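> my questions are about this predicted structure, shown below with the sequence.
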Amino acid sequence: MKAIWMLCFVGAAASAQRAQNVDISIMLGAVGTSGSVSPTMATIPGGTSGPVPITATYTGSFGFATQENFGYQVADFSKGSLYVETPFVFLWNGSGTVSGQQGNPSVTSIDHSSWYILPGVRWKIPTGTRLSFYGALGGGVAFIHEKDVFLANQQVTNTNNTLAKPVLDFGVGMDLRISRWLSLRVDARDYVHSAAADVSQHYNHAAVFAGVAFHF
């Protein structure tokens, strides 16, 4: 019996000393969109027949964001550690306002959401304390969905579009280690993709997240 307890103790000690190569973080945050433009159609009074294209300007807004990040350490150096990571990000923005030529048309509601899958790399910089910093760079695909309600000449027009676009992801972050298995994490990211022809051109999203990371 004593031998069994000794083996259990040795196994637990070996497990505790094993290098931790995996981290999984779960974070919530806020996101803001850059100012952007959305091509729309409207009937201009004063002799012009039929709808003509005009340009409406989006004022920008803040919204809600989540990030789940899976990381794996592939190399360890004296100056830092290299991880490969795959963040899964959801962004939602709404309640914007759009105005066009002479206030016509105007958008009365905006429901804009995106799913991002962003494989990339992360460089962790230790400080010799419980605090560490990192920089991250990646790229992947954005699934962009937008549902708008346009009011033009007392006529309501709905748009509901989804498309996929390549996106670039870069950012910085900080970990505060609470225990061997847990840390508090703050993460700031910027997501950039090219302008879209069939949804409002929200081509730049800056997001700040806070949450926890689990280390294995």
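Perfect, I can see it now. Numbers count the residues shown, from 1 in each chain.
> any idea which helix or strand comes after the strand or helix carrying residue 75?
Residue 75 belongs to strand 62-77 when assigned by DSSP states H and E. Downstream of strand 62-77, the first helix or strand assigned by DSSP H and E is strand 80-94.
> give the other helices and strands that that next one contacts.
strand 22-33, strand 62-77, strand 106-117, strand 120-126, strand 131-152, strand 182-193, strand 204-215 (3 or more CB pairs under 8 Å, 6 or more residues apart in numbering; DSSP states H and E). C-beta: built from backbone N, CA, C; applies to glycine.
> who does whatever helix or strand comes next after the fifth one pair up with?
Counting by DSSP H and E, the element after strand 131-152 in chain order, helix or strand, is strand 155-177. With DSSP bridges as the criterion, the sheet partners recorded for strand 155-177 are strand 131-152 (antiparallel), strand 182-193 (antiparallel).
> and the ones you listed, which one's lowest on average pLDDT?
The weakest mean pLDDT among the strands paired with strand 155-177 belongs to strand 131-152, with a mean of 87.
> give me the mean pLDDT for stretch 72-82.
Per-residue scores along stretch 72-82 average to 96.
> residues of it that come out buried?
73, 80, 81 (16 or more other CB atoms under 10 Å).
> show residues contacting that stretch.
19-22, 83-85, 121-126 (CB atoms under 8 Å, 6 or more residues apart in numbering).
> again, but for stretch 182-192
Here stretch 182-192 has contacts from 25, 27, 29, 67, 69, 87, 89, 91, 114, 116, 118, 136, 142, 167-178, 203-215, using CB under 8 Å, 6+ apart.
> go again with 6 Å.
The contact list for stretch 182-192, computed with CB atoms under 6 Å, 6 or more residues apart in numbering, reads 25, 167-177, 204-211, 213.
> for stretch 116-123, same thing?
Contacts of stretch 116-123 (CB under 6 Å, 6+ apart): 80, 83-87, 89, 134-138, 140-142, 167, 169.
> of those, grab the buried ones for PyMOL.
Burial among the contacts of stretch 116-123 is assessed by 16+ other CB under 10 Å; the matching PyMOL selection reads:
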select buried, resi 80+83+85+87+89+134+136+138+140+142+167+169
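> residue 88 reaches residue 70, doesn't it?
No. At 8.0 Å, residue 88 does not count as touching residue 70 under the criterion of CB atoms under 6 Å.
> got the phi and psi for residue 129?
The phi/psi pair for residue 129 (degrees, to the nearest 10) reads phi -130, psi -170.
> need the helix or strand of this protein with the lowest average pLDDT.
None of the helices or strands of the chain scores lower by mean pLDDT, DSSP states H and E than helix 2-17, at a mean of 41.
> burial count for residue 185?
For residue 185, the count of nearby residues is 21 (other CB atoms under 10 Å).
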